[in-house]
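*Asks:* sequence plus the predicted model coming up.
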Amino acid sequence: MIDQTNFEVFRAEAIWYVKPTDTLELNESSLKCSDLFIATFPSLHTLISQASVLDVTLTRKKRTISYKLFTWTNAANLKRGWLCEFETNDSPIEILSEHQLLLDNIGGIVATYDQIPTAAEMLTDNQNFLFTKSQCSRGLNDWAILYSQSCGFEGIEKIQTDDLICFVCEANGNETLYDLNTKQVLLFAPDHSFRNVEVLEGQPEYTFYKMTGITTFVDYVETLADQWLS
């Protein structure tokens, strides 16, 4: 019989995610990652190797969605976890090869929870999604007008945003993006109180920021993993 404890904890912690009308199927699982994934994301591989894994199949309104639930349990039996979606319909949006490599191996993070108290600022805090391809977008979209106005008010030249891919979106609308050409990661944050960021040189406050210690997409992923390992 499958131990459903980890899923029931997730369900209680992330109460918004599973609907009463959803049909669920749970199966014990394991994860085998590619050699390239292990070499590219060593910290992430270390982290997920420490997790218990459940395959979760959810059917909602005739749509079937496949997930893996990664759960970590500490010595005090407190748990933390990620629900990662493996999408079957490929989105046409262009993404970095490293981003696709991550999706092929662990999926995109659509929900997280953490019972372990921490005062540290986490990259997974308050995010609507991380990495999920169908939710990624190109350019600034809804923020484009605000960005143009901010630059106009201060007489500042805009940076090129056409090749920026939003791969993480916070609940309040802040977006984490990477440049398809340089792989540089930037935060666009009109509403924030982050400590570990600095305004991108030559840009207005409350637009583009650099994150301390993070330059590329791989840096972002590995920093996120290190936060969960600590």
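*Replies:* Perfect, thanks for sending it.
*Asks:* I'd guessed N172 sits against N128; true?
*Replies:* No: N172 lies out of contact with N128 (CB atoms under 8 Å); the separation is 9.5 Å. (Each C-beta comes from the backbone N, C-alpha and C, glycine too.)
*Asks:* the more surrounded of these two?
*Replies:* The neighbour comparison of N172 against N128 (other CB atoms under 10 Å) goes to N128, with 14 against 11.
*Asks:* from the chain's centroid, how far away is the helix or strand encompassing that one?
*Replies:* If you go by DSSP states H and E, N128 is part of strand 127-130. Mean C-alpha position of strand 127-130 versus that of the full chain (CA atoms, centre = their mean, to the nearest Å) differs by 5 Å.
*Asks:* put the alpha carbons of that strand into CSV.
*Replies:* The C-alpha trace of strand 127-130 is given here as CSV (Å, rounded to 0.1, in the frame of the first residue of the first chain):
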residue,chain,number,x,y,z
GLN,A,127,6.1,32.4,-6.5
ASN,A,128,3.2,31.5,-8.8
PHE,A,129,5.5,29.2,-10.8
LEU,A,130,9.2,28.5,-11.5
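*Asks:* the helix or strand following it - what's its average pLDDT?
*Replies:* Downstream of strand 127-130, the next assigned helix or strand under DSSP H and E is strand 137-138. Averaging pLDDT along strand 137-138 yields 98.
*Asks:* next one: W72 from L102, what distance?
*Replies:* Distance of W72 to L102, computed by CB to CB, to the nearest Å: 18 Å.
*Asks:* more crowded one of these two?
*Replies:* L102 (25 against 19).
*Asks:* who is the residue nearest the centre of the chain paired with across the strands?
*Replies:* Computing the C-alpha centroid of the chain and ranking residues by CA atoms, centre = their mean puts L130 first, at 1.8 Å. Going by DSSP bridges, L130 is paired in beta bridges with I109, V168.
*Asks:* check D114 too.
*Replies:* R80.
*Asks:* that one: how many residues sit nearby?
*Replies:* Neighbours of D114 (other CB under 10 Å): 17.
*Asks:* do you know how far L31 is from E8?
*Replies:* 21 Å.
*Asks:* hey, C-alpha coordinates of the helix or strand that contains T59 in CSV?
*Replies:* Counting by DSSP H and E, the secondary-structure element that holds T59 is strand 52-60. Listed next in CSV are the C-alpha coordinates belonging to strand 52-60 (Å, rounded to 0.1, in the frame of the first residue of the first chain):
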residue,chain,number,x,y,z
SER,A,52,11.1,11.1,-1.4
VAL,A,53,9.3,11.1,-4.7
LEU,A,54,5.7,10.4,-5.5
ASP,A,55,4.1,10.3,-9.0
VAL,A,56,0.9,12.3,-8.9
THR,A,57,-1.6,12.1,-11.7
LEU,A,58,-4.4,14.6,-11.4
THR,A,59,-7.5,14.8,-13.6
ARG,A,60,-9.4,18.0,-13.7
